[in-house]
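Asker: can't give you the sequence, but here's the structure:
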C-alpha cells in the first residue's frame, strides 16, 4: 500500500480531486490522507465519501506551535509551514511505515512506483526542479521541489522531518532572505547535512513541470507519454500543473497553461487536455453535493493579463537572442 498525504482548501479542491482520481487509475493500492484547510472543502470531501481517502480537518492538525505562527503568515505561507506537520501527523497517527507528501496540483499519468522505488535503503526521498536554463531559479527557490517527498517512519526519517518542522516554524515566508525561501530552500544541503540518509530521485519522468518542459523531448509509445533526457527515456509519472489557471467560458470550465513558455511538442497540449478533462470530472463530482461551487477559478480579465505577460516575455527573449 502506498500512502500519500496532501493539503488544500476550497481554492485547490478541483485540482486535489483530480489528483485523487489520477491515483485511482494506477495499478498499485493507495491511500490518500487529505488535510482540508477550510470548512467548505472538508464538508464537500466528507460528503463525497472517497473510498481511498481519509479527510482530516485543519483543527485536528494544528498544534500550539502552528497556531502561534499562523497570524503572521499568509494563507500560502501557512500551507507551506504546515506541510511537515501533515507528514508527521500521518506517520504517527496512522502508524505508517512511510508517507509521501504530494502537492495538490500534481497529476499522475503513470504508476508512482518507479519514483517511490528511488528511495532504496535511504530514509528520505526528494525530487529536483530540473529547471530549463531560461527558468533556472535554483539559487532563489532551491534545487529541490517539495512537490513529492517520501519520509520513512524510522529514527532517521523522523529526525530529518522534525528538523525541517523546527525550521519552518521559525521562518517560512514567500520571500528570499538569508538564503531561505519558504519551506523549500531548507532542502538544498540535506545530502550533506544528513549524509547517507537522503535519496535524490533520478527518475526524470517524476516531476515534469512548466519550468522544465523545454529541456525534455516528449514522445509517445504504445499510448504512453514518455520523456527523453540525456539519451534516457522515462515514462511520464506525474506532471506538476503549477501556474495552471481555471476559468469559465460560456459556462464551461477551461484550463489555461499559465505564464511559462512551453516545449512546442503537441504532447504538451495532450497533457493539458487530459488535465482539463480531469478538472471537469472533479467539478461534476463537487456539483453533485455543492451545485454552486466555483471556487478556484479566475476571471477572463485575469487570464487575458497573463496571456499578455507571456507574449511580452516571448518578445523580450527573441530580442535578446537577436542582439547576441
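Answerer: On my side now, so go ahead. As the structure is a prediction and not an experimental result, all values here were calculated from the model.
Asker: CA only for contacts and neighbour counts going forward, please
Answerer: Will do.
Asker: do you know how far residue 4 is from residue 116?
Answerer: 11 Å (CA to CA, to the nearest Å).
Asker: go on, residue 264?
Answerer: Here residue 264 is placed at a distance of 29 Å from residue 116 (CA to CA).
Asker: ditto for residue 183
Answerer: 22 Å.
Asker: looking at the two, which one has more neighbours?
Answerer: Set side by side, residue 183 and residue 116 show more neighbours around residue 183, with 27 against 19, by other CA atoms under 10 Å.
Asker: how about the strands in the stretch 201-324 of the chain?
Answerer: Per DSSP state E, counting those that start in this stretch, the stretch 201-324 of the chain carries strands over the ranges 206-208, 217-221, 224-229, 232-235, 238-240, 245-249, 252-256, 297-298.
Asker: most packed of these?
Answerer: Stretch with highest mean neighbour count among the strands of the stretch 201-324 of the chain: strand 206-208 (a mean of 25; mean count of other CA atoms under 10 Å).
Asker: quick one: the helices in the stretch 201-324 of the chain, in order.
Answerer: Per DSSP state H, counting those that start in this stretch, the stretch 201-324 of the chain has helices spanning 266-287, 300-323. These are given in chain order.
Asker: residue 94 is nearest to which of the ones you listed?
Answerer: helix 266-287 (27.3 Å; CA to CA).
Asker: and the contacts of that closest one?
Answerer: 14-15, 17-18, 21, 44, 48, 107, 218-219, 225, 253-255, 257, 262, 293 (CA atoms under 8 Å, 6 or more residues apart in numbering).
Asker: what's the angle from that helix to strand 224-229?
Answerer: Helix 266-287 runs at 130 degrees relative to strand 224-229, counting by axes from the mean of the first three to the mean of the last three CA atoms, to 10 degrees.
Asker: report the rounded mean pLDDT for helix 266-287.
Answerer: Computed over helix 266-287, the mean pLDDT rounds to 97.
Asker: again, but for stretch 73-93
Answerer: Here the average pLDDT along stretch 73-93 is 97.
Asker: which positions in that stretch come out as buried?
Answerer: 73, 77-91 (16 or more other CA atoms under 10 Å).
Asker: same check, this time on stretch 149-165
Answerer: Burial within stretch 149-165, assessed by neighbour count using 16+ other CA under 10 Å, is assigned to 149, 150, 151, 152, 153, 156, 157, 158, 160, 161, 164, 165.
Asker: the fourth one - nearest residue in space that isn't next to it in sequence?
Answerer: What sits nearest to residue 152 in space, not counting adjacent residues and going by CA to CA, 6 or more residues apart in numbering, is residue 98, at 4.1 Å.
Asker: kindly provide the distance from the residue nearest to residue 57 when sequence neighbours are not counted to residue 182.
Answerer: Nearest non-adjacent residue to residue 57, counting by CA to CA, 6+ apart: residue 36, 5.1 Å away. Distance of residue 36 to residue 182, given as CA to CA: 21 Å.
Asker: what of residue 283?
Answerer: 30 Å.
Asker: hang on, the earlier thing: quick one: the strands of the stretch 201-324 of the chain as JSON lines, columns for mean pLDDT and distance to residue 26 too.
Answerer: Formatted as JSON lines, those follow (pLDDT from 0 to 100; distance: least, CA to CA, whole Å):
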{"stretch": "strand 206-208", "mean pLDDT": "96", "distance to residue 26": "14"}
{"stretch": "strand 217-221", "mean pLDDT": "96", "distance to residue 26": "18"}
{"stretch": "strand 224-229", "mean pLDDT": "96", "distance to residue 26": "13"}
{"stretch": "strand 232-235", "mean pLDDT": "96", "distance to residue 26": "13"}
{"stretch": "strand 238-240", "mean pLDDT": "98", "distance to residue 26": "11"}
{"stretch": "strand 245-249", "mean pLDDT": "89", "distance to residue 26": "25"}
{"stretch": "strand 252-256", "mean pLDDT": "89", "distance to residue 26": "24"}
{"stretch": "strand 297-298", "mean pLDDT": "86", "distance to residue 26": "28"}
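Asker: in this protein, which residue is closest to the centre?
Answerer: Geometric centre of the chain, nearest residue: residue 103, 2.7 Å, by CA atoms, centre = their mean.
Asker: does that one really touch residue 207, like I thought?
Answerer: No: if you go by CA atoms under 8 Å, residue 103 and residue 207 don't touch, sitting 11.0 Å apart.
Asker: ok, longest strand in the protein?
Answerer: The longest strand of the chain (DSSP state E) is strand 144-152.
Asker: which strands and helices lie in contact with that one?
Answerer: Where contact means 3 or more CA pairs under 8 Å, 6 or more residues apart in numbering; DSSP states H and E, strand 144-152 is packed against strand 98-102, strand 124-128, helix 155-170.
Asker: mind listing what that strand pairs with, with the direction of each?
Answerer: strand 98-102 (antiparallel), strand 124-128 (antiparallel) (DSSP bridges).
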